[in-house]
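Trainee: Whatever this is, show me its structure:
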Amino acid sequence: MSGPGRRWRLLGAVAAVALVAAGCAIPTQTGPQTIGPSHVPFNLLSPVLTTTPTTAPRVTATVPVKVYFLTANNDLQAVARVLAPPAPLTQVLDTLLAGPTTNESSNGTSTAIPDNVVLLSASPDQSNVVTVNFNEAFAQISGTDTELAVAQVVATVAALDGLGTGVIFEINGFRTSVPIASGAQEPGPVYLWQFIPNAP
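Mentor: This is a model prediction of the structure:
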């Protein structure tokens with residue numbers, strides 16, 4: 001077939017193809033456009049922020065205390081120790097009984113309390129007096145070491161509970177007299193001023 005009819009059909013086919021092509025083309029725009037909320041994908045309007053949990057470093061509380069050892073001249077010497085809370089008197093006295101460290105001993109620090117001495121109990125009362133109960137090994141300390149050992153205990157108790165604290169000594173639960181600086185046997189309570197004259 002030829003003539004005007006055929007040309008019109010060809011023009012119609014070309015136009016149809018052009019329309020289809022126009023419908024499949026990627027739309028272009030000259031600048032950004034606002035998208036309505038109904039066309040925004042789910043959760044993009046209110047995104048959930050994810051965070052990585054962090055763990056704060058664990059801080060372990062400590063309690064500074066003082067225990068009393070001896071210098072090379074047998075004078076009382078306060079030595080700092082750090083204990084876990086609540087650091088009761090029994091724990092402080094056990095630290096005293098453990099004696100000086102190797103480094104402290106090499107620097108002349110010593111103790112008159114043998115390492116076989118064991119604290120059985122330490123009981124404060126309402127009148128500012130503490131009763132300390134040791135095993136038989138404490139009673140076997142002899143000579144001037146007895147007075148020094150008593151002074152170490154009294155000074156350590158006073159450093160924790162107050163300089164005016166008195167100490168009663170027991171051996172296996174029985175009250176015993178102990179020597180003080182004057183050489184006298186004191187049934188107790190024993191106070192720091194009986195070893196250090198200027199102490200309260």
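
Trainee: where does the chain dip in pLDDT?
Mentor: Applying pLDDT under 70 to the chain picks out residues 1-60, 198-200.

Trainee: Please repeat the previous calculation with a cut-off of 80.
Mentor: 1-60, 126, 197-200 (pLDDT under 80).

Trainee: just so I have it, where are all the helices in it?
Mentor: 4-24, 89-97, 102-106, 136-139, 144-161 (DSSP state H).

Trainee: If you count contacts, what does the fourth one end up packed against?
Mentor: On a contact count with 3 or more CB pairs under 8 Å, 6 or more residues apart in numbering; DSSP states H and E, helix 136-139 meets strand 166-171. From N, CA and C alone the C-beta is placed, and that goes for glycine too.

Trainee: Show residues contacting stretch 112-124.
Mentor: For stretch 112-124, contacts defined as CB atoms under 8 Å, 6 or more residues apart in numbering pick out 70, 74, 88-90, 93-94, 96-97, 99, 130-135, 137-138, 140-141, 145-146, 148-149, 152-153, 157, 161, 172-173.

Trainee: please redo it, this time with the cut-off set to 6 Å
Mentor: For stretch 112-124, contacts defined as CB atoms under 6 Å, 6 or more residues apart in numbering pick out 89-90, 93-94, 97, 130-135, 137-138, 145, 148-149.

Trainee: Can you show me the CA trace of stretch 111-126 as CSV?
Mentor: Only the C-alpha atoms of stretch 111-126 are listed here, as CSV (Å, rounded to 0.1, in the frame of the first residue of the first chain):
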residue,chain,number,x,y,z
THR,A,111,58.5,-6.1,114.5
ALA,A,112,58.6,-7.6,118.0
ILE,A,113,55.6,-9.8,117.3
PRO,A,114,56.5,-13.3,116.0
ASP,A,115,54.8,-14.6,112.9
ASN,A,116,53.1,-17.4,114.9
VAL,A,117,51.0,-14.9,116.9
VAL,A,118,47.3,-15.1,115.8
LEU,A,119,44.5,-12.6,116.6
LEU,A,120,41.5,-14.5,117.9
SER,A,121,39.2,-11.5,118.3
ALA,A,122,39.1,-7.7,118.7
SER,A,123,36.1,-6.3,120.5
PRO,A,124,35.5,-2.6,121.1
ASP,A,125,33.0,-1.5,123.8
GLN,A,126,31.1,1.7,124.5
